[in-house]
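Enquirer: Here is a sequence together with a model predicted from it:
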Amino acid sequence: MVPAVAGITACNRSSKKVIAVIPKGRAHVFWQSVHAGAVKASREKDVEIIWNGPATESEFNAQIQIVDAMINRRVDAIALAPIDENAMVQVVERAATAKIPVVLFDSGLKSDKFATQVSTDNYAAGSLAAERMGEILGGQGSVIIVATQAGSASTMAREQGFEETIAKKFPAIKILDKRYGNSDYAQSLKVAENMLTAHPTVNGLFASNESSSAGASQALKSRSSKVKMVGFDSSQQLIADLKAGIIDSLVVQHPFRMGYEAVISSTKALAGEALSKIQNIAPGLVTQQNLNQPDILERIDPDLKKYLG
């Protein structure tokens, strides 16, 4: 069953261009920030957006159904964060065949049938996390990884960037274990607890998205653990855990800007403007020391009420 769609119907269209914005999920604060950025761009460009995605980030079949529904509605453009780089190929190519331009955001796709991709340089983000881990561990020790989800291009690139940078620059740091939380808080908590039990002398923990970071942080709190954690993305709880010292640092994206640029790029594609195939947004690192800097605040605490009500 396709999740309910907010917005227009095929028989009740305004004269505005209509852009479907389809995230990987709706639950996490990250996607709410993307939504707010998309709304800002839609107001500036006087276009209408339909915001709809699966309830959770593991439901690629539901996401395929949503994209198909938007193709059938004949929306003017689609901005999509693919849950799976392989599973979403056919439906994106169906959109291309229907002459509906597709702008990817957050994650990539094993196809070239899209106008542009707006995303964090995820490999660089993982490498940034590794640099921080190497610094706080003094270049030696051991680490475990709470990974996100197999098939998710964005998080796999982060994990690859982390692992390869640790191996190259910090050979005295050993990665002992890596398990997937499947974009789910409870599962991430469970795998973090299991790894902490299996490796009681581990020194560091890296988690590669919001849900994996939240689960891992809770696992550390429940044990009063001294393990040093570098997480990824932000939420009110993750920032509170950072302030409390449970989390050392968070690698953060710019989800508000990502949503904004995805809609802006969609309007450019509709106007026939040339677009670079990849548009990278640089990651940032949040620590207790820089928490109140303007660039960091824009990344972690955008004004959602202004755009989402």
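Expert: Thanks, I have the structure now.
Enquirer: residues touching Glu193, list them.
Expert: The neighbourhood of Glu193, defined by CB atoms under 8 Å, 6 or more residues apart in numbering, consists of 219, 222. C-beta here means a position set from N, CA and C on the backbone, and glycine is covered the same way.
Enquirer: Skip the chain neighbours and tell me the closest residue to Gly126.
Expert: In this structure, Gly126 finds its nearest non-sequential neighbour in Gly161, 2.7 Å apart by CB to CB, 6 or more residues apart in numbering.
Enquirer: these two touch, right, that neighbour and Thr120?
Expert: No. Under the criterion of CB atoms under 8 Å, Gly161 makes no contact with Thr120, lying 10.8 Å away.
Enquirer: what about those two, which has more around it?
Expert: Neighbour count, other CB atoms under 10 Å: between Gly161 and Thr120, Thr120 has more, with 27 against 23.
Enquirer: Need phi/psi at the residue lying closest to the more buried one once chain neighbours are set aside.
Expert: Excluding the flanking residues, the one nearest Thr120 by CB to CB, 6+ apart is Gln253, at 4.5 Å. The phi and psi torsions at Gln253 (degrees, to the nearest 10) take the values phi -90, psi -170.
Enquirer: What is the burial count for Gln253?
Expert: For Gln253, the neighbour count with other CB under 10 Å is 28.
Enquirer: same thing with the one 4 residues further on?
Expert: Applying the criterion other CB under 10 Å, we find 21 residues in the vicinity of Arg257.
Enquirer: Tell me where this structure is predicted with low confidence.
Expert: Along the chain, segments meeting pLDDT under 70 span 1-14.
Enquirer: What are the boundaries of the strands in it?
Expert: 18-22, 48-51, 77-80, 102-105, 116-120, 141-147, 173-180, 204-207, 228-232, 249-252, 278-281, 284-286 (DSSP state E).
Enquirer: still on that earlier bit, how near is the residue nearest to Gly126 to Val202?
Expert: When distance is defined by CB to CB, to the nearest Å, Gly161 is 20 Å away from Val202.
Enquirer: ditto for Leu275
Expert: For Leu275, the distance to Val202 - CB to CB - is 44 Å.
Enquirer: Over to Phe114?
Expert: For Phe114, the distance to Val202 equals 40 Å [CB to CB].
Enquirer: Kindly report the same for Gln140.
Expert: 13 Å.
Enquirer: My guess is Asp295 contacts Gly284. True?
Expert: Yes. Counting by CB under 8 Å, Gly284 is a contact partner of Asp295 at 6.7 Å.
Enquirer: more crowded one of these two?
Expert: Taking neighbours as other CB under 10 Å, Asp295 and Gly284 compare with Gly284 leading, 21 against 11.
Enquirer: what sits against that one?
Expert: Neighbouring residues of Gly284 by CB under 8 Å, 6+ apart: 251-254, 295-296, 299.
Enquirer: domains of the protein?
Expert: With domains defined by automatic domain parsing, the chain comprises 18-121+254-281, 122-252.
Enquirer: Now tabulate those in CSV and tack on distance to Gln288.
Expert: Formatted as CSV, the domains of the chain follow (distance: least, CB to CB, whole Å):
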stretch, distance to Gln288
domain 18-121+254-281, 20
domain 122-252, 6
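Enquirer: so which of the ones you listed comes closest to Tyr307?
Expert: The closest of the domains of the chain to Tyr307 is domain 18-121+254-281. By CB to CB, the value is 4.0 Å.
Enquirer: What is the end-to-end distance of the closest one?
Expert: 25 Å (CA to CA, to the nearest Å).
Enquirer: any idea how far Asn122 is from the spatially most central residue of the chain?
Expert: The centroid of the chain falls nearest to Asp106 when counting by CA atoms, centre = their mean (5.6 Å). According to CB to CB, Asp106 and Asn122 sit 9 Å apart.
Enquirer: Now the common contact residues for these two.
Expert: Jointly contacting Asp106 and Asn122 under the rule CB under 8 Å, 6+ apart are Ser154.
Enquirer: the helices in this structure, which residues?
Expert: All helices of the chain, identified by DSSP state H, fall at 29-45, 60-73, 89-97, 122-136, 153-169, 185-198, 210-223, 236-244, 255-270, 294-300, 304-308.
Enquirer: For those helices, could you give me CSV that also reports distance to Ile83?
Expert: Rendered in CSV, the data for the helices of the chain read as follows (distance: least, CB to CB, whole Å):
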stretch, distance to Ile83
helix 29-45, 12
helix 60-73, 4
helix 89-97, 11
helix 122-136, 15
helix 153-169, 10
helix 185-198, 16
helix 210-223, 14
helix 236-244, 22
helix 255-270, 16
helix 294-300, 23
helix 304-308, 22
